[in-house]
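Trainee: Predicted structure and sequence below. I'll ask about it afterward.
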Amino acid sequence: MTVPDDCHEQQFLKNANAHLQALIQAIPDMVYFKDVHGRYGMVNRAMETVSGIAAGRLAGMTSEDHLPPDAAARCRESDRIALEGNRPVQTEEYIDIPGGTRRHFDIVKSPIRDAAGDLLGLVAVCRDITERKNIEDALRRSEKFNRDILESVDEAFIVIDRDFRIISANKAYLDQVKRPLREVIGKACFAVSHGSTASCHEQGEPCAVLETFATGEPRTALHTHRDREQDPVYVEIKSYPLKDGEGRTVAAIEIINNISEKKRLEEQLRHAQKMEAVGQLAGGIAHDFNNILTAIIGYGSLLKSGLAPDDPLRHDAVQILDAAERAANLTRGLLTFSRKQPICPAAVNVNEIIGNTERLLRRVIGEDVEIRFQPTCGELAVMADVSHFEQVLMNLATNAKDAMPNGGRITISTASVHLGPGFIRTYGYGKQGDYARITVADTGAGMDSRTKLKIFEPFFTTKARGKGTGLGLSIVYGIVKQHSGFIVCDSLPGAGTRFDIYLPLVQGRAAPPLSPGVIAPGGGTETILLVEDDAAVRKLIRNILERNGYGVIDAGDGEEAVERFRENSDRVQLLLLDFIMPKKNGNEVIAAIGQIRPGLPAIFLSGYTADYVARYNTSPYRAAFLAKPVSPPQLLRKVRDVLDESRA
Ligand code: ADP
Ligand code: MG
């Protein structure tokens, strides 16, 4: 049986149409046609299911008829782009479903033309990608969370591949190397971290990352880098392995910690401890030395005063006394450094003291160096020993002058400042509060950081032999410490030097500075009980007192002293006693004697400071104080004063 051709074709077309229908219906994505006005034509089953509208009803509707207004507007816009163009357009759109969920769609819209090329409308294939989107969002959120953690840590952090190339870096690292991320990714870690062309291990530095790749284990190493000023930067490097599914180390996480600040504070602490130890040692020696000098100066003086003015031996005695005086100066310096030199602090105005030393300083500094005073307005009251304070200014000015052999300028200025936690953090010492700041700055040679570290140590000098003793700044240091203050030195080679001294401000008005009294010797006829364990010193003092008319009963230790007093209690008018003695110390002697005769005047004679004695003097009444080594006129003056006072 034969079938006519046109019938065959009709059959074929009918079948083709049915095939096409079946195909479109079978596609799980939504498929719909729209005419040039945006009206739906044919839609598939998926479209019916998702929109919840039957195909028959959808036909002729527009997006506006079934979508929320914002979604409809977005849809119309992508329709427009598809219709105006010549090729398929891919967009992602979303629809907010009432109830708070959002559905995402991946849509491809293609224009359709008839055989003549006229635009008929568009066909859209629309896939629901909500699940994928949700997973992506969750991933992105988790990535951001992880990233935020790393960015919030202020430890520098990079990930390095096996070729030592950086594949990730956090903000702290970028801040540390001062570069943006794009200049870091893909670069060798050693090139970025320390601007070097070779790896650290090739330059002899231990490399934690190399070891982590070799062993698959975490590693730590310490590196020393140099910053732009060539100062050392100490970094601690920790490296952790990043492994793949098979346990192979594919990358290393490197954490770089700048520990320079920690190192610096440790260094400062060590330095302070060293200064303390040196101070103890120097102070101990100086203290014993003082006793010896007391004997030398005392006997030397007696010797000299016993010789006629024209006696040829007189010259020798003078030489002995001169040398001993120099030795005593040195000892005093050491005692000051170790804070064992007595001070007599009073409330004084810093500006006034500086003003008073101006003439003296000008004389010391000479013509070539200009000296300027820039005090703050108003009064800066501190508790200070004026003569010690002047010594500080003298020593600093002398050093400044030495640093300016070809002339220059010294500026001495003052200010009232508040020291907060920032100061303590920076310098590793200090105490919060209000301070008078005294600044001595020069325009001299300056010094490098190595020198700066040592300047306060006794006997440290960079000056030629015979030019410097190395004690100037040690004395300054000791005095400032003894005044509960701080000293900071700022200096760079060629850029001058600046010393800032901070002394605690006190409330209230400063007293006018006292001019040191002229010490005039005097004698007497009273009886004095002398207690001193050092036989040479005891004999000397006895000698001086007796030559000036006093009666002396002496004792070599505390117990003997109490015994002697019992025997002579009606005669003794003054106690002159060492503070630290075997058997009974000065306190105990005074306490025992005080029970027999309350109120008997006493003078402590000690190589320790007045502070020290005052702190340990627990007896109910205050004894006067005389520091060793004591010259005969000083001794006589004090004895006379105390006796006269007790009578008044
Ligand atoms: P001396 O002056 O006897 O050397 P110091 O203790 O006064 O001892 O000073 C110690 C060292 O500190 C000096 O030798 C010098 O190297 C350095 N120094 C102190 N003050 C200054 C300054 N103003 N400028 C440069 N260097 C200084
Ligand atoms: Mg000096």
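Mentor: Cool, got the structure. Ligands and ions are numbered 1, 2, ... in the order given.
Trainee: Low-confidence ranges, the stretch 401-550 of the chain, go.
Mentor: Confidence mapping of the stretch 401-550 of the chain against pLDDT under 70 gives the ranges 508-522.
Trainee: ok, 90 please
Mentor: Counting by pLDDT under 90, the low-confidence segments of the stretch 401-550 of the chain come to 420-431, 449-450, 453, 457-459, 464-471, 475, 478, 482, 506-526, 532-550.
Trainee: What residues does it have near ligand 1?
Mentor: By Cβ under 6 Å from any ligand atom, the part of the stretch 401-550 of the chain that sits against ligand 1 consists of 403, 442, 444-447, 451, 455, 460-463, 468-474, 497. C-betas here are computed from N, CA, C, even on glycine.
Trainee: Where helices are concerned, which of those count?
Mentor: Judged by DSSP state H, helices contain the following of those: 451, 472-474.
Trainee: most surrounded residue in the residues you listed?
Mentor: For those, counting by other Cβ atoms under 10 Å, the largest number of neighbours falls to S474: 26 neighbours.
Trainee: Tell me who's in contact with that one.
Mentor: Residues near S474 by Cβ atoms under 8 Å, 6 or more residues apart in numbering: 333-334, 336-337, 456-460.
Trainee: for the longest helix anywhere in the chain, the distance to its chain's centre please.
Mentor: The single longest helix within the chain, with elements called by DSSP H, is helix 260-306. Relative to its parent chain, helix 260-306 has a centroid offset of 29 Å by Cα atoms, centre = their mean, to the nearest Å.
Trainee: next one: stretch 91-99
Mentor: Mean C-alpha position of stretch 91-99 versus that of the full chain (Cα atoms, centre = their mean) differs by 57 Å.
Trainee: Then stretch 380-395?
Mentor: Distance of stretch 380-395 from its chain centroid, counting by Cα atoms, centre = their mean, is 28 Å.
Trainee: is any part of it close to ligand 2?
Mentor: No: Stretch 380-395 stays out of contact with ligand 2 when judged by Cβ under 5 Å from the ion, the minimum separation being 5.8 Å.
Trainee: What's the mean pLDDT across that stretch?
Mentor: The predicted model assigns stretch 380-395 a mean pLDDT of 89.
Trainee: cool, stretch 638-648 as well?
Mentor: 84.
Trainee: Residues contacting that stretch, please?
Mentor: If you take Cβ under 8 Å, 6+ apart as the criterion, stretch 638-648 is touched by 522-524, 526, 528, 545, 550, 573-574, 576, 601-603, 624, 626.
Trainee: quick one: which of those residues is most hemmed in?
Mentor: Neighbours were tallied for each of the contacts of stretch 638-648 (criterion: other Cβ under 10 Å), and the maximum of 27 neighbours falls on L576.
Trainee: Could I get the pLDDT score of that residue?
Mentor: pLDDT recorded at L576 is 92.
Trainee: What subset of the contacts of S474 is buried?
Mentor: Neighbour-count burial (16 or more other Cβ atoms under 10 Å) is assigned, among these, to 333-334, 336-337, 456-458.
Trainee: out of those, which are inside helices?
Mentor: Counting by DSSP H, these place 333-334, 336-337 in helices.
Trainee: Out of these, which is nearest to ligand 2?
Mentor: Looking at these and their distance to ligand 2, the nearest is G333, at 10.6 Å (Cβ to the ion).
Trainee: which ones are touching the nearest residue to the closest one once chain neighbours are set aside?
Mentor: Closest residue to G333 apart from its sequence neighbours, by Cβ to Cβ, 6 or more residues apart in numbering: L471 at 4.3 Å. With contact taken as Cβ under 8 Å, 6+ apart, L471 is in contact with 330, 333-334, 337, 458-459.
Trainee: and the two most separated of the contacts of S474?
Mentor: T336 and F460 (15.7 Å; Cβ to Cβ).
Trainee: which residue is nearest the centroid of this protein?
Mentor: By Cα atoms, centre = their mean, the mean C-alpha position of the chain lies nearest to T426, the distance being 2.7 Å.
Trainee: how about the helix or strand that contains it: buried residues?
Mentor: When secondary structure is defined by DSSP states H and E, T426 falls within helix 421-427. The neighbour-count criterion (16+ other Cβ under 10 Å) identifies F423 as the buried residues of helix 421-427.
Trainee: what does stretch 255-272 give?
Mentor: Per 16+ other Cβ under 10 Å, stretch 255-272 contains these buried residues: 255-258, 260, 263.
Trainee: residues making contact with it?
Mentor: Counting contacts by Cβ under 8 Å, 6+ apart, the residues outside stretch 255-272 that touch it are 155-158, 173, 176, 193, 222, 232-240, 427-429, 453.
Trainee: any low-confidence regions in the stretch 151-300 of the chain?
Mentor: For the stretch 151-300 of the chain, applying pLDDT under 90 flags the ranges 151-157, 172-179, 189-207, 222-235, 256-295, 297-300.
Trainee: Just give the closest residue to Q280, not the sequence neighbours.
Mentor: Using Cβ to Cβ, 6+ apart, the nearest residue to Q280 is S338, at 6.8 Å.
Trainee: Based on its surroundings, how many neighbours for the one you found?
Mentor: Taking other Cβ under 10 Å as the criterion, the count of residues near S338 is 26.
Trainee: ok, and does the longest helix of the chain reach over to ligand 1?
Mentor: No: if you take Cβ under 6 Å from any ligand atom as the test, helix 260-306 misses ligand 1, and the best it gets is 12.6 Å.
Trainee: How about residues contacting the strand or helix carrying N399?
Mentor: For N399, the enclosing helix or strand under DSSP H and E is helix 386-402. Counting by Cβ under 8 Å, 6+ apart, the neighbours of helix 386-402 from elsewhere in the structure are 336, 341, 343, 346, 348, 350, 353-354, 357, 360-361, 364-366, 369, 371, 408, 410, 412, 438, 440, 442, 444, 463, 467-468, 472-473, 475-476, 479-480, 482-483, 497, 499, 501, 513-514, 516.
Trainee: repeat for stretch 293-304
Mentor: Outside stretch 293-304, the residues that reach it (Cβ under 8 Å, 6+ apart) are 314, 317-318, 320-321, 324-325, 327-328, 331, 536-537, 540-541, 543-544, 547, 628-632.
Trainee: residue in the stretch 251-400 of the chain nearest to ligand 2?
Mentor: Each residue of the stretch 251-400 of the chain has a distance to ligand 2, by Cβ to the ion, and the smallest belongs to N399, at 4.4 Å.
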